[in-house]
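**Q** got a sequence here, can you model it:
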Amino acid sequence: MTRLLLVAVVIFVIYLLLRSFKSKKPEVGARSVAEDMVQCAHCGVHLPKSESIEADGRHFCTAAHRDAFGG
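**A** As a prediction, the model looks like this:
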């Protein structure tokens, strides 16, 4: 009798796990927004526009590259 009860509990737990995996749906608000990428005028590395330093219409990855850029 205890074996039958144990088997029933195991089957029930497996059923609950399968049901929870099946019901999970991707969240609509979880999308990431793509950001424009720019290239450093000095070294050529690509980085997000929000992380770049802009000077004279050009983008740089660091202040040192901005200062070292000869034009």
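**Q** when you work out contacts or count neighbours from here on, use the C-alpha atoms and nothing else.
**A** Will do.
**Q** same question for the helix or strand that contains Ala64, mean pLDDT?
**A** Using DSSP states H and E, Ala64 sits in helix 63-68. Mean per-residue pLDDT for helix 63-68: 94.
**Q** cool, stretch 20-33 as well?
**A** 69.
**Q** what distance separates the start and the end of that stretch?
**A** Stretch 20-33 has an end-to-end distance of 29 Å (criterion: Cα to Cα, to the nearest Å).
**Q** repeat for stretch 59-68
**A** Span of stretch 59-68 from end to end, Cα to Cα: 13 Å.
**Q** in it, which residues are buried?
**A** 59-61, 65-66 (16 or more other Cα atoms under 10 Å).
**Q** hmm, who's touching it?
**A** 38-43, 45, 47, 49, 51-55 (Cα atoms under 8 Å, 6 or more residues apart in numbering).
**Q** repeat the analysis, applying 6 Å as the threshold.
**A** For stretch 59-68, the external contacting residues (Cα atoms under 6 Å, 6 or more residues apart in numbering) are 40-42, 52-53.
**Q** for those residues, which one is nearest Lys22?
**A** Nearest to Lys22, judged by Cα to Cα, of the contacts of stretch 59-68 is Ser52 at 42.8 Å.
**Q** how close does that closest one sit to Thr2?
**A** For Ser52, the distance to Thr2 equals 67 Å [Cα to Cα].
**Q** those two: which is more packed in?
**A** Ser52 (19 against 7; other Cα atoms under 10 Å).
**Q** the more buried one and Gly70, how far apart?
**A** Taking Cα to Cα, one finds Ser52 at 18 Å from Gly70.
**Q** after the helix or strand containing Phe21 comes which helix or strand?
**A** Assessed by DSSP H and E, Phe21 sits inside helix 2-23. Using DSSP H and E, the helix or strand that follows helix 2-23 in sequence is strand 37-39.
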